[in-house]
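S.K.: Only the shape, not the letters, is given here:
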């Protein structure tokens, strides 16, 4: 199914998000897109991993904000990252080129953003010597991981909008693709979702959420 072009919105910290009218859904928190991504995925996800060399999977590449912030942090902390990302509906250039995330970054980091989007799907591309990106244009439900991950950014649209994304079979596949002590982080704190994670075998933590949200979830595959 082809999606209509999303609409731009300015969030509480001045950074852009996109609004998908047909789903009635935002790509990020309206309280602050950068603030949310930094807190949920970098602070509570990437920084929770102790290794300096990481295999990472993002479910929902979207605007590329999580990948951009991860790349920035990797440079600052001397990390090496192989970044896989699923995105069934890539944004066209007339959308991603208008997003204002690079306004918060230095010139080098700002230059990465367009490259993250323009790199071809379904092949591994070196963005920097310490960051390799593999974007896959496919849906999460049919995704069959063929490698193991230290960290998963689960950034799908909300359970009420895409319930199939938050169901047992794909989340079990993710569990099996996590390395021992591997981490999954998401903005979602729905009780049904957390109970399902526990049933699958994850150790589930309810953490204080980003601005505008009481809680978020971090789940770990036991060692």
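M.R.: Perfect, I can see it now. Model, not experiment: these values are computed from the prediction. Residues are numbered from 1 along each chain as shown.
S.K.: so where's this structure uncertain?
M.R.: 1-2 (pLDDT under 70).
S.K.: packing partners for the strand ranked longest in it?
M.R.: Longest strand in the chain by number of residues (criterion: DSSP state E): strand 178-186. Counting contacts by 3 or more CB pairs under 8 Å, 6 or more residues apart in numbering; DSSP states H and E, strand 178-186 is packed against strand 149-154, strand 215-220. From N, CA and C alone the C-beta is placed, and that goes for glycine too.
S.K.: Residue 12 touches residue 212, doesn't it?
M.R.: Yes. Counting by CB atoms under 8 Å, residue 212 is a contact partner of residue 12 at 7.5 Å.
S.K.: would you list every one of the helices in this protein?
M.R.: 33-37, 65-77, 93-96, 107-118, 168-177, 191-200 (DSSP state H).
S.K.: For residue 3, which of those helices is the nearest?
M.R.: The closest of these to residue 3 is helix 93-96. By CB to CB, the value is 11.1 Å.
S.K.: Report the buried residues of that closest one.
M.R.: Buried residues in helix 93-96, counted by 16 or more other CB atoms under 10 Å: 95, 96.
S.K.: any residues in contact with both of residue 12 and residue 212?
M.R.: Common neighbours of residue 12 and residue 212 (criterion: CB atoms under 8 Å, 6 or more residues apart in numbering): 29, 30, 31, 32.
S.K.: Please name the residues that touch the residue nearest to residue 22 when sequence neighbours are not counted.
M.R.: Of all residues beyond its chain neighbours, the one nearest residue 22 is residue 4 (5.7 Å), with distances taken as CB to CB, 6 or more residues apart in numbering. Counting by CB under 8 Å, 6+ apart, residue 4 touches 20, 21, 22.
S.K.: Now list the buried members of the residues you listed.
M.R.: Using 16+ other CB under 10 Å, the buried ones in the contacts of residue 4 are residue 20.
S.K.: In JSON lines: the contacts of residue 4, plus distance to residue 158.
M.R.: Below are the contacts of residue 4 laid out as JSON lines (distance: CB to CB, whole Å):
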{"residue": "20", "distance to residue 158": "11"}
{"residue": "21", "distance to residue 158": "15"}
{"residue": "22", "distance to residue 158": "15"}
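S.K.: now, which of the contacts of residue 4 sits nearest residue 47?
M.R.: For the contacts of residue 4, the nearest to residue 47 is residue 20 (29.7 Å; CB to CB).
S.K.: Would you confirm that residue 183 contacts residue 48?
M.R.: Yes. Between residue 183 and residue 48 there is a contact at 5.5 Å, judged by CB under 8 Å.
S.K.: any shared contact partners between those two?
M.R.: residue 218.
S.K.: which one of these two has more residues nearby?
M.R.: residue 183 (24 against 17; other CB atoms under 10 Å).
S.K.: which ones are touching that one?
M.R.: Residue 183 neighbours (CB under 8 Å, 6+ apart): 45, 48, 49, 150, 151, 152, 218, 219, 220.
S.K.: could I get the residues you listed as a markdown table with distance to residue 163?
M.R.: Shown next, in a markdown table, are those (distance: CB to CB, whole Å):
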| residue | distance to residue 163 |
| --- | --- |
| 45 | 23 |
| 48 | 27 |
| 49 | 29 |
| 150 | 28 |
| 151 | 24 |
| 152 | 19 |
| 218 | 22 |
| 219 | 18 |
| 220 | 24 |
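S.K.: Nearest to residue 109 among those?
M.R.: The closest of these, once distances to residue 109 are taken by CB to CB, is residue 45, at 19.1 Å.
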